[in-house]
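Participant: model this:
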Amino acid sequence: MVVEILGRSLTLQSSMDPERLHAVAQMVDEHLRQLQKAFPASPLADLAILAALNLACESMESKEDFQQLQTEIDRRSRQLIKRLEMHASYIPPGP
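Facilitator: Take a look at the predicted model:
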């Protein structure tokens, strides 16, 4: 598959879905273009390193957010299970 990043055509091989790979390449291209506008005198290699660092930081933050959500889901699930168990073991008073 051929993608374009900063006007350069790159041929990539991947097991990733082509639409997803194209979306990833577009994200990298947009990120590099933003950095290029912010730092027009910087060499492309420096911009690529900055883009990699920024994207890695975003990825790490997403993983941390996911972990926090998973922890919260686990906590709430345990609370609900306890409530259900208490309700299931409740025997109403007889006549």
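Participant: which elements pack onto the helix or strand that Leu69 is a member of?
Facilitator: Using DSSP states H and E, Leu69 sits in helix 44-89. On a contact count with 3 or more Cβ pairs under 8 Å, 6 or more residues apart in numbering; DSSP states H and E, helix 44-89 meets helix 18-38. Any C-beta I mention is one placed from the backbone N, CA and C, and that applies to glycine too.
Participant: now the helix it packs on, how far from the centre of its chain.
Facilitator: Mean-position distance between helix 18-38 and its chain equals 15 Å (Cα atoms, centre = their mean, to the nearest Å).
Participant: packing partners for that helix?
Facilitator: strand 2-5, helix 44-89.
Participant: right, so of those, which gets closest to Gln26?
Facilitator: For these, proximity to Gln26 was assessed by Cβ to Cβ; strand 2-5 is nearest, at 7.9 Å.
Participant: any chance of the helices and strands packed on helix 18-38 in a markdown table with distance to Gln36 as columns?
Facilitator: Below are the helices and strands packed on helix 18-38 laid out as a markdown table (distance: least, Cβ to Cβ, whole Å):
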| stretch | distance to Gln36 |
| --- | --- |
| strand 2-5 | 11 |
| helix 44-89 | 6 |
